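J.: show me how the following folds:
(chains A and B)
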Amino acid sequence: MNQRQPWFSVRKVLTPIQARWLTLLSFLLPLLIWSTVSYVPFVWHPKIEISEPGGVSWFQKGMLIDRSTFTAEVDKAIDNNMALPEGLRANPVYLPAPHEVAVAFYSAFTTEPKRKSEQWLHESLWHSVTIIFWGFILSSIVGVPIGILCGTFATISKVQEPFIEFFRYLPAPAFGALAVAVLGIYDAPKIAIIFIGTFFQQVLIVANTTRKLDPSLIEAALTLGANRMQILFRVVIPGILPDLFRDLRILLGWAWTYLIVAELIGTSSGITWFITQQARYKNFDNVFAAIIMIGIIGLLSDIILAKMSKYIFPWERSQNKA
Amino acid sequence: MKHLELPSYLEQNERVAKRFEKLKKRDVILEVKDLYKTFESQQGSVTALKNINFKTYRREFVCVIGPSGCGKSTLIRILAGLETPSSGQVLLDNEPKSEPGPDRGMVFQGYTLFPWLTVKENVMFGLRMGKASKANAESEALQWIDLVGLSKFSESYPDQLSGGMKQRVAIARALANQPRILLMDEPFGALDAQTRFKMQTNLIDIWKNIDITVLFITHDLDEAIYLADRILVLKAHPGEVQEVIEVPVPRPRTPEQFLSPEFLATKKRLEELIHPPEESDDDGLNLIRMTRIGDDVEDIES
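T.: Below is the predicted model of the structure:
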């Protein structure tokens, strides 16, 4: 085990230590870039934050001014022999520094909503999760069986898939207005958008996964005396389950990408309401924190599902080792 | 070099001749009548099988051998009901068969075990498809697993087994349905030579001890002679029965017989049938052209 694995060998598995370092690096690199832009003044910092207005009448303390405007005003002040304005280089308000976002992670949860009717952040987040959950579950209840049937029976495939193939090109948000008209302004149209965004892809992907099942397993079952229903329930479905589970994990990730659009439909709600509200108040640290939270929830749920699959499908475990 | 004096492969000693006489008085299990199979392709139709006729008797071991492309796999798939013939009939116990069924067990070259089921559950599969209760199926499956010597692995998943073990499970799974005939499509083709030999011996032992007729496809001449009572030799383009050879090697078969005169005579005949000397469709190797000046190309074999 002491043998050193080179970092770049074609299609070779890395050692666990190498893999862990690289995983860490994949998160550290963007953070490093962000920190550099935020903390090292000469990298970007296109603005000047005024600390002393001097003789410039319209400057105020704490104002962010373009650097070119600032130098022009300084030149003017020198020409007119006025007190010089002072300031430090700063980034625009929409790029908060990492530590500000880190603080916002905590403060966003503890900040009381401005109005009684408004929700705390954790309530908003939970609301978003339930929208995703229902949209995805409803889509799966219909989509997975149809997908399996399409993948198993050519007749069903031909009668379903051409239309679905067409429909999946229609952008789900385009149905927003229609969804509100039919389903009202609260959660129902949002769930409908997640459903539309997931369902059509789901049928096609599940059908494809079903078709990829080794046909010789079906032939073996036939020679063992299985009838059509037994083939479907005893061979096809158990045979594709691990792949189906993987498909659903990927589709769940896609469902999250429809969330923001879905939540803007009707009365804006959930994490989207929080983000748009905070952007309006120019609390961009809170906006960043909320966006990163979505990422963390998505990643965590995926990791949990991946771990779960190892326990649900014990026969797959030996394959992964090989 | 002096050639060995081999007897004719048609010569049978008294015991062997008597055995064949008795065998042919047994019931006919499988009968193939005037079987044709043509495939339609864009280049036109290709005849894969032409006018196949043969019978297998109860508890007989028949091997089908032939060059690649002779349609032996198509033949066994038609027998199993997985493909339909263009014309002709497959009779099992005098009943025509066109659909797959548990009366014809099949062992594929690619194992085809269900990866989500344990060894025991795989062997139970066919029994559960029928009317057998779970408890009955389980106890029966365990007996079959014991027969193929895998009792210790009954709770393992197929991926944890070696190729030879997987194929033993596949044999147990097919036999558990108590089929009239066991169809085997190059079952040991993917195994290494030593494992293959062990599996052949195991298979003979199983076959001896139960009431089963075997139809075994192979391209390995030794395998065919070692296992079979009769060998059906196919020829390619189109696939036709060239000869049915009654193997003159007496039973019980042992590894020493590989060098016996009857064995070698049969092998010589098979070689003649499968690799006829006049047929050669390539130019051989023109290696001498590929050597550089200064290379040592003197005949190393002399």
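
J.: mind telling me what element the residue in the stretch 1-150 of chain A that chain B sits nearest to is part of?
T.: Nearest residue of the stretch 1-150 of chain A to chain B (Cβ to the nearest Cβ) works out as A:Ile148 at 15.5 Å. In short, each C-beta sits where N, CA and C put it, glycine included. Taking DSSP states H and E as the definition, A:Ile148 sits inside helix A:121-152.

J.: ok, and the closest non-adjacent residue to the residue of the stretch 1-150 of chain A closest to chain B?
T.: Residue nearest to A:Ile148 in three dimensions, not counting chain neighbours: A:Thr210, with 5.2 Å by Cβ to Cβ, 6 or more residues apart in numbering or on different chains.

J.: mind naming the longest helix for chain B?
T.: As assigned by DSSP state H, the longest helix anywhere in chain B is helix B:193-209.

J.: who's in contact with the residue in the stretch 201-302 of chain B positioned nearest to chain A?
T.: Across the stretch 201-302 of chain B, no residue is closer to chain A than B:Leu215, which sits at 13.1 Å (Cβ to the nearest Cβ). By Cβ atoms under 8 Å, 6 or more residues apart in numbering or on different chains, the contact list for B:Leu215 reads B:30, B:56, B:62, B:64, B:76, B:79, B:181-184.

J.: let's see 10 Å
T.: Taking Cβ atoms under 10 Å, 6 or more residues apart in numbering or on different chains, we find B:Leu215 in contact with B:29-30, B:32, B:54, B:56, B:60-64, B:75-76, B:79-80, B:104, B:106, B:181-185, B:228, B:232.

J.: repeat that for B:Ile210.
T.: B:Ile210 touches B:59, B:147, B:175, B:178, B:182, counting by Cβ under 10 Å, 6+ apart.

J.: okay, those in CSV with neighbour count next?
T.: Compiled in CSV, those are given as follows (neighbours: other Cβ atoms under 10 Å in any protein chain shown):
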residue, neighbour count
B:Arg59, 17
B:Leu147, 19
B:Leu175, 20
B:Gln178, 16
B:Leu182, 24
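
J.: give me the neighbour count for whatever residue of chain B ends up closest to chain A.
T.: As assessed by Cβ to the nearest Cβ, chain A sits closest to B:Pro102 within chain B, at 3.3 Å. When neighbours are defined as other Cβ atoms under 10 Å in any protein chain shown, B:Pro102 has 20 of them.

J.: was I right about it contacting B:Gln178?
T.: Yes: between B:Pro102 and B:Gln178 there is a contact under Cβ atoms under 10 Å: 8.3 Å.

J.: overlap in contacts, those two.
T.: Common neighbours of B:Pro102 and B:Gln178 are listed as B:126-127 (criterion: Cβ under 10 Å, 6+ apart).

J.: A:Gly87 in helix, strand or coil?
T.: strand (DSSP: H, G, I helix; E, B strand; the rest coil).

J.: convert stretch A:33-51 to PDB, retaining C-alpha atoms only.
T.: C-alpha atoms of stretch A:33-51 as PDB (Å, rounded to 0.1, in the frame of the first residue of the first chain):
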ATOM      1  CA  ILE A  33     -11.000  32.400  -5.800                       C
ATOM      2  CA  TRP A  34     -13.800  34.000  -3.900                       C
ATOM      3  CA  SER A  35     -11.600  34.900  -1.000                       C
ATOM      4  CA  THR A  36      -8.900  36.400  -3.300                       C
ATOM      5  CA  VAL A  37     -11.400  38.600  -5.100                       C
ATOM      6  CA  SER A  38     -12.900  39.700  -1.700                       C
ATOM      7  CA  TYR A  39      -9.800  40.200   0.400                       C
ATOM      8  CA  VAL A  40      -7.000  41.200  -1.900                       C
ATOM      9  CA  PRO A  41      -7.700  44.800  -2.900                       C
ATOM     10  CA  PHE A  42      -5.900  45.100  -6.200                       C
ATOM     11  CA  VAL A  43      -7.500  42.000  -7.800                       C
ATOM     12  CA  TRP A  44     -10.900  43.500  -8.600                       C
ATOM     13  CA  HIS A  45     -12.500  46.000  -6.100                       C
ATOM     14  CA  PRO A  46     -14.000  48.400  -8.700                       C
ATOM     15  CA  LYS A  47     -15.600  50.700  -6.200                       C
ATOM     16  CA  ILE A  48     -14.500  53.100  -3.500                       C
ATOM     17  CA  GLU A  49     -16.300  53.100  -0.100                       C
ATOM     18  CA  ILE A  50     -16.300  56.700   1.100                       C
ATOM     19  CA  SER A  51     -14.900  57.100   4.600                       C
END
